[in-house]
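Asker: take this sequence and fold it.
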Amino acid sequence: MSEQSAAEDVAEEYANALPEYAERVLEVAERIPPGRVMTYGDVAEWLEEGGPRQVGRVMSLYGGAVPWWRVVRADGLLLPGHELRALAHYRAEGTPLKEAARSTEGHLPRLDMRRARWDGGAGAEGHI
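Answerer: So this is what the prediction gives:
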């Protein structure tokens with residue numbers, strides 16, 4: 001193998017590596033129990049790094065391999081463009097929902113944040 005091939009292999013491996021912050025965000029998403037949620041801001045606070053936008057960016061780029069539907073907006077609205085898939089997960093897991101008012105566009109429920117929000121306690125192993 002030539003030196004150039006080895007360098008290309010290392011560069012490709014590095015390009016495929018997940019940034020450390022993204023790994024940490026995804027680890028938190030995987031810890032959220034079924035039927036519970038954390039907001040983007042909750043995840044950032046748990047990690048003591050970044051903010052809601054950074055967590056949202058990580059989830060949009062890398063979140064497909066973890067239970068992405070458990071990391072949510074603080075207002076309880078379902079993720080635009082993924083509402084029906086997320087709703088199916090919430091119903092299967094028994095996540096608390098608030099039924100939509102008849103005047104609500106699309107008649108989609110919201111998450112009941114007061115009941116569904118997980119604070120990382122009860123079985124959490126501490127901060128990552």
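Asker: from now on I want contacts and neighbour counts done on CA atoms only, so please keep to that.
Answerer: Fine.
Asker: how much space between Ala88 and Ala17?
Answerer: From Ala88 across to Ala17, the span is 31 Å (CA to CA, to the nearest Å).
Asker: cool, Arg36 as well?
Answerer: From Arg36 across to Ala17, the span is 29 Å (CA to CA).
Asker: equivalent analysis for Tyr40, please.
Answerer: Tyr40 is 23 Å from Ala17, by CA to CA.
Asker: also Val37?
Answerer: 27 Å.
Asker: looking at this structure, which helix or strand is least sure?
Answerer: helix 3-16 (a mean of 49; mean pLDDT, DSSP states H and E).
Asker: on that earlier part again, more crowded one of Val37 and Ala17?
Answerer: Comparing Val37 with Ala17 by other CA atoms under 10 Å, the one with more neighbours is Val37, at 31 against 10.
Asker: quick check: closest non-adjacent residue to that one.
Answerer: Of all residues not flanking Val37 in the chain, Arg70 sits nearest, at 4.4 Å (CA to CA, 6 or more residues apart in numbering).
Asker: residues near that neighbour, how many?
Answerer: 26.
Asker: which residues sit in contact with it?
Answerer: Residues counted as contacts of Arg70 (CA atoms under 8 Å, 6 or more residues apart in numbering) are Ala29, Ile32, Pro34, Arg36, Val37, Met38.
Asker: by neighbours, which of the residues you listed wins?
Answerer: Ranking the contacts of Arg70 using other CA under 10 Å puts Val37 first, with 31 neighbours.
Asker: could you list the low-pLDDT ranges of this protein?
Answerer: Residues of the chain meeting the criterion pLDDT under 70: 1-16, 102-106, 122-128.
Asker: what ranges do the strands span in it?
Answerer: For the chain, the strands defined by DSSP state E cover 38-39, 71-72, 97-98, 110-111.
Asker: point out the most buried one among those strands.
Answerer: For those, the largest average neighbour count (mean count of other CA atoms under 10 Å) is found in strand 71-72, namely a mean of 26.
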